[in-house]
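Undergrad: got a predicted model here, sequence first, then my questions.
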Protein chains: 2
Amino acid sequence: MDRDIIGALIADARTTYAVIGQQVGLSASAVKRRVDRLREAGAITGFTARVEPAALGWTTEAYVELYCRGKTSPVEIGRAVARHPEIVSACTVTGEADALLHIRATDMRHVEQVIERIASEAFVVRTKSSIVLSRLLDTPLVMERNGSPRIA
Amino acid sequence: MDRDIIGALIADARTTYAVIGQQVGLSASAVKRRVDRLREAGAITGFTARVEPAALGWTTEAYVELYCRGKTSPVEIGRAVARHPEIVSACTVTGEADALLHIRATDMRHVEQVIERIASEAFVVRTKSSIVLSRLLDTPLVMERNGSPRIA
DNA sequence: GATGAAACGTTCATGAC
DNA sequence: GTCATGAACGTTTCATC
């Protein structure tokens, strides 16, 4: 039931409690209580506007693999990542590379500058970049009844 | 000014128009008109709840590079990608691989199954996967005054 | 412990300016 | 762009199971 409520809020964060209640068979106040509880529990971390980056000038994106010098800590990488505002997502990964970054920029020149800036971090040995040609999919998670995520 | 409004809505989609107006120096109805216009223009595509995937059971994620047979079209890849609900984002890229997928799963076994399913698509020659060890950053885009994106 | 219904203050949405 | 108005919504309180 909480999954259905979350699903409704992912589909549209401005859905009223009354409408959600109608969908799941609860009253508006019951839904609100559950949403409040889900927020406190950390399942729902907030409500945000979904934005088309291209419409705001962020037309270019790239993925950058980071190869770091013999055991750089994830914490160190995390601190460095926070220094570059164009990095929208980052994680440490298995495989040859140590970390994978997702960056957004205004154009190719901007991408180049960002990569250069990242490459100049002390712990970075080398980088390997893939420019995004066309985005096929980018979706928030939606829960299905069977428990598998689905495209909104 | 539209950027500031969008920034406020990204930070919290439930911020009232009055509060946003206070921040940007406008009346509530003026803010609403701009938001309506931004939605029609496609800059804002919707409002969604931000969810902690781990709190809902999606504890494992991976990035999968797709190597396709000599000129598979992006459209074909896009159609295939839509068939696998665990793929939350996908794009075609420059470099050795043809596409990069981001998948979310409940556990490692689930990841394995998904990769196997994707690899069995007709146009896929081989895949190369990186399991995510720890996520360092994952943020919606926030606009700065100078026009660069920033972590929320 | 969770729910439904009603009461109250706030916010949205609209039209006139 | 602002201001004013009626309708809709969020939030709290209270009784109930």
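TA: Right, received. Where do you want to start? Since the structure is predicted, the reported quantities are computational estimates derived from the model, not experimental observations.

Undergrad: and chain A, which residues reach DNA strand C?
TA: Contacts of chain A with DNA strand C, taken as CB under 7 Å from any atom of the strand, map to A:21, A:25, A:26, A:27, A:28, A:29, A:30, A:33, A:34. Using the backbone N, CA and C atoms, a C-beta is placed for each residue, glycine as well.

Undergrad: quick one: the helices in chain A?
TA: Using DSSP state H, the helices of chain A run over residues A:2-11, A:17-24, A:28-41, A:74-82, A:108-119.

Undergrad: so which elements touch the last one?
TA: This points to helix A:108-119. strand A:60-68, strand A:99-105, strand A:124-138 (3 or more CB pairs under 8 Å, 6 or more residues apart in numbering or on different chains; DSSP states H and E).

Undergrad: where does chain A dip in pLDDT?
TA: Within chain A, the ranges that satisfy pLDDT under 70 run A:142-152.

Undergrad: give me the nearest residue to the residue lying farthest from the centre of chain A, chain neighbours excluded.
TA: Of all residues in chain A, residue A:27 has its C-alpha farthest from the mean position, at 32.1 Å, by CA atoms, centre = their mean. Among residues not flanking residue A:27 along the chain, residue A:21 sits closest, at 5.4 Å (CB to CB, 6 or more residues apart in numbering or on different chains).

Undergrad: hmm, the one you found is touching residue A:30, no?
TA: Yes: counting by CB atoms under 8 Å, residue A:30 is a contact partner of residue A:21 at 6.6 Å.

Undergrad: comparing these two, which residue is more hemmed in?
TA: residue A:21 (19 against 16; other CB atoms under 10 Å in any protein chain shown).

Undergrad: and the closest residue to residue A:14 other than its chain neighbours, how far is that from DNA strand C?
TA: Nearest non-adjacent residue to residue A:14, counting by CB to CB, 6+ apart: residue B:47, 5.0 Å away. Separation of residue B:47 from DNA strand C (CB to the nearest atom of the strand, to the nearest Å): 11 Å.

Undergrad: and residue B:47, what is it in contact with?
TA: A:12, A:13, A:14, A:47, A:48, A:49, A:50, B:9, B:13 (CB atoms under 8 Å, 6 or more residues apart in numbering or on different chains).

Undergrad: before we move on, the earlier item: quick one: closest of the helices and strands packed on helix A:108-119 to residue A:74.
TA: strand A:99-105 (7.9 Å; CB to CB).

Undergrad: domain map for chain A?
TA: Domain assignment for chain A by automatic domain parsing gives A:2-49, A:53-131.

Undergrad: could those domains go into JSON lines alongside distance to residue A:140?
TA: Formatted as JSON lines, those follow (distance: least, CB to CB, whole Å):
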{"stretch": "domain A:2-49", "distance to residue A:140": "5"}
{"stretch": "domain A:53-131", "distance to residue A:140": "14"}
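
Undergrad: tell me which of the ones you listed sits nearest to residue B:97.
TA: When the domains of chain A are compared for distance to residue B:97 using CB to CB, the nearest one is domain A:53-131, at 7.1 Å.

Undergrad: quick one: stretch A:59-79 near chain B?
TA: Yes: applying CB under 8 Å from any CB of the partner chain, one finds stretch A:59-79 touching chain B at A:61, A:63, A:74, A:77, A:78.

Undergrad: determine which two of those residues are furthest apart.
TA: Across those (CB to CB), the longest gap, 23.1 Å, separates A:61 and A:74.

Undergrad: these two: who's more crowded?
TA: residue A:61 (22 against 18).

Undergrad: can you list the buried residues in stretch A:112-124?
TA: Within stretch A:112-124, the residues scored as buried using 16 or more other CB atoms under 10 Å in any protein chain shown are A:114, A:115, A:118, A:121, A:123, A:124.

Undergrad: of the helices of chain A, which is nearest residue A:139?
TA: helix A:2-11 (9.6 Å).

Undergrad: send the alpha carbons of that closest one over as CSV?
TA: Provided in CSV are the C-alpha atoms of helix A:2-11 (Å, rounded to 0.1, in the frame of the first residue of the first chain):
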residue,chain,number,x,y,z
ASP,A,2,2.9,2.4,0.8
ARG,A,3,4.3,1.4,-2.5
ASP,A,4,1.2,2.5,-4.3
ILE,A,5,1.3,5.8,-2.5
ILE,A,6,5.0,6.3,-3.4
GLY,A,7,4.2,5.3,-7.0
ALA,A,8,1.5,8.0,-7.2
LEU,A,9,3.9,10.6,-5.8
ILE,A,10,6.7,9.6,-8.2
ALA,A,11,4.3,9.9,-11.1
